[in-house]
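> Give me a 3D structure for the following:
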Amino acid sequence: MERVDRLWRYSLIFLGVFALFAALRIAEGILAPLVLALVAGVVLSPLSDLVERWGMRPVVGALTCLFVTLLLVGIIAAALQPMVARLVEAAPKIWSDMQDAVEIFRRLLSGFSQLTNGLGQSLSSPAEAQTGAGDGLDMAMPSISDALLYAPSVAAQMLIFVGALFFFLLTRVEIYDWAARRLSAPSQRAQTANRLRGAERLVARYFLTITIINMAEALIVTVVLQLLGMPGAPLWGLVVFLLNYLLYIGPAILTVALIFGGVAAFDGGYSLLPAAAYLVVNAIEGQFVTPALIGKHTEVNPLLVFLALVFGMWLWGPVGGIVAIPILLWVLQLHNGQRAARLPPSEA
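Residues are numbered from 1 along each chain as shown. I've put the predicted structure just below:
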């Protein structure tokens with residue numbers, strides 16, 4: 001009977017977790033901008049505290065952080081627009097230059113087509129492959145009607161983000177106190193509130209350090225690409241700065257983008273130099289600079305980081321990839337603080 005009760009309990013836990021994940025996926029349009037706003041609020045909390053230490057009211061700090069956030073988003077969008085337009089215009093040339101590589105790769109795959117009939121049927125002739133790829137490229141290009149269709153949804157998500165960010169920054173101290181009252185006994189409420197603020201400071205410090213590292217790497221990549229003669233080197237540096245927030249996945253995406261950008265700008269083997277230069281700079285940053293500056297207090301198992309990124313991007317796409325690491329650090333900091341509070345003073 002005890003075994004049946006245990007299985008029943010585990011089944012309920014499994015169903016609850018499954019229902020939670022399903023709800024997170026279904027409510028992506030609401031929860032994704034909401035969680036992103038909370039993470040942004042945690043990251044911007046030092047700025048809000050600084051404004052309050054200057055003797056101003058909390059609402060002024062919240063409005064300042066909101067203004068800085070919207071200003072940065074507008075600047076980044078305006079800076080990326082020329083690059084996006086240039087890549088769209090260069091898409092036919094990129095596809096034309098990539099035909100030889102695609103043909104070589106297709107022939108390598110066709111050598112294995114005799115192993116199974118299914119693989120042989122999935123491969124087509126070169127003419128069909130070129131036609132099919134071109135059709136896929138055309139279908140991937142968004143039209144004005146698509147933009148108009150998604151505009152209300154994007155506007156609603158922006159409104160959710162702005163509102164959640166403002167009210168979280170305005171009332172985050174009260175939120176932490178409320179959570180401490182609900183999550184701990186009366187004798188431990190002060191410690192719980194301190195742990196919540198400590199986790200906030202850790203995430204903010206981590207993001208500040210990563211931002212400085214990304215800025216330095218973006219500047220170096222910009223200089224290197226400029227020396228190589230890569231068109232739009234400053235814009236590529238901006239993309240490096242943004243995508244480096246997505247650990248592992250961002251550099252991989254950027255490497256592929258630089259390969260396409262190099263093919264569009266140069267001929268022959270020289271077209272691979274931009275991607276190769278970025279990989280060298282990113283390897284130095286990942287292996288030496290980041291571990292030295294982040295420190296042991298924020299070290300996390302790489303497998304856990306990768307799984308968090310994969311799960312976040314599977315759940316909410318790029319937004320999930322951005323918030324995955326801050327949430328992971330926040331949860332681990334709370335867990336470590338709770339564990340330290342349970343230990344005797346000599347062991348803690």
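
> So which residues of the protein form helices?
Taking DSSP state H, the helices of the chain run over residues 2-26, 28-53, 58-97, 99-110, 117-122, 126-140, 144-183, 189-228, 233-243, 249-265, 273-284, 290-294, 302-316, 318-342.

> export the ones you listed to CSV and tack on mean pLDDT and mean neighbour count?
C-beta coordinates here come from the backbone N, C-alpha and C atoms, glycine included. Listed next are those as CSV, based on pLDDT from 0 to 100; neighbours: other Cβ atoms under 10 Å:
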stretch, mean pLDDT, mean neighbour count
helix 2-26, 81, 10
helix 28-53, 88, 19
helix 58-97, 76, 14
helix 99-110, 55, 12
helix 117-122, 45, 10
helix 126-140, 44, 11
helix 144-183, 80, 14
helix 189-228, 87, 18
helix 233-243, 87, 20
helix 249-265, 84, 19
helix 273-284, 91, 17
helix 290-294, 72, 13
helix 302-316, 83, 16
helix 318-342, 76, 18
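
> Now for residue 285: which residues touch it?
213, 217 (Cβ atoms under 8 Å, 6 or more residues apart in numbering).

> okay, how far is it across stretch 292-308, tip to tip?
23 Å (Cα to Cα, to the nearest Å).

> wait, stretch 181-193
Across stretch 181-193, the terminal residues are separated by 9 Å (Cα to Cα).

> what distance separates that stretch from the middle of the whole chain?
Relative to its chain's centre, stretch 181-193 lies at 32 Å (Cα atoms, centre = their mean, to the nearest Å).

> What lies in contact with it?
Contact partners of stretch 181-193, identified using Cβ under 8 Å, 6+ apart, comprise 176-177, 179-180, 341.

> Tell me who's in contact with residue 60.
Residue 60 neighbours (Cβ under 8 Å, 6+ apart): residue 51.

> And it, how far from residue 252?
Applying Cβ to Cβ, to the nearest Å, the value for residue 60 to residue 252 is 41 Å.

> and what of residue 17?
To residue 252, residue 17 is 29 Å away according to Cβ to Cβ.

> Ok, residue 39 next?
Distance, residue 39 to residue 252, by Cβ to Cβ: 23 Å.

> same check, this time on residue 318
Taken as Cβ to Cβ, the span from residue 318 to residue 252 is 13 Å.

> Now flag whichever of the contacts of stretch 181-193 is closest to residue 326.
residue 176 (16.2 Å; Cβ to Cβ).

> How about the contacts made by that closest one?
Residue 176 is in contact with 193, 196-197, 200, counting by Cβ under 8 Å, 6+ apart.

> ok, so of the residues you listed, who is nearest residue 160?
Nearest to residue 160 among the contacts of residue 176, with distances taken as Cβ to Cβ, is residue 200, at 21.3 Å.

> nearest spatial neighbour of that closest one, skipping sequence neighbours?
residue 42 (5.1 Å; Cβ to Cβ, 6 or more residues apart in numbering).

> List the residues that contact that neighbour.
When contacts are counted by Cβ under 8 Å, 6+ apart, residue 42 touches 200, 203-204, 326, 330.

> With distance to residue 278 as new columns, can those be given to me in TSV?
What follows is the contacts of residue 42, written out as TSV (distance: Cβ to Cβ, whole Å):
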residue	distance to residue 278
200	33
203	27
204	28
326	25
330	30
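
> give me every residue that touches the nearest residue to residue 328 once chain neighbours are set aside.
Setting aside the residues directly before and after it, residue 328 is nearest to residue 308 in space (Cβ to Cβ, 6+ apart), at 4.6 Å. Going by Cβ under 8 Å, 6+ apart, residue 308 touches 324-325, 327-328.

> how close does residue 308 get to residue 6?
Here residue 308 is placed at a distance of 29 Å from residue 6 (Cβ to Cβ).

> What of residue 237?
56 Å.

> and what of residue 226?
In this view, residue 226 and residue 6 are 64 Å apart by Cβ to Cβ.

> Could you do residue 321 as well?
In terms of Cβ to Cβ, residue 321 sits 37 Å off from residue 6.

> What of residue 225?
In terms of Cβ to Cβ, residue 225 sits 59 Å off from residue 6.

> Check residue 215 too.
In terms of Cβ to Cβ, residue 215 sits 53 Å off from residue 6.

> just residue 314 next, same as before
In this structure, residue 314 and residue 6 are 30 Å apart, going by Cβ to Cβ.

> got it, and residue 332?
Distance, residue 332 to residue 6, by Cβ to Cβ: 29 Å.

> repeat for residue 267
Distance from residue 267 to residue 6, by Cβ to Cβ: 67 Å.

> Likewise for residue 303?
Taken as Cβ to Cβ, the span from residue 303 to residue 6 is 29 Å.

> cool, and residue 14?
For residue 14 relative to residue 6 (Cβ to Cβ), the value is 13 Å.

> Ok, residue 68 next?
52 Å.

> now, the most widely separated pair of the contacts of stretch 181-193?
177 and 341 (17.6 Å).

> Without its sequence neighbours, what residue ends up closest to residue 162?
In space, residue 162 is closest to residue 66, 6.7 Å off (Cβ to Cβ, 6+ apart).

> Could you tell me which residues make contact with that neighbour?
Contacts of residue 66 (Cβ under 8 Å, 6+ apart): 162, 165-166, 169.

> try residue 256
Contacts of residue 256 (Cβ under 8 Å, 6+ apart): none.
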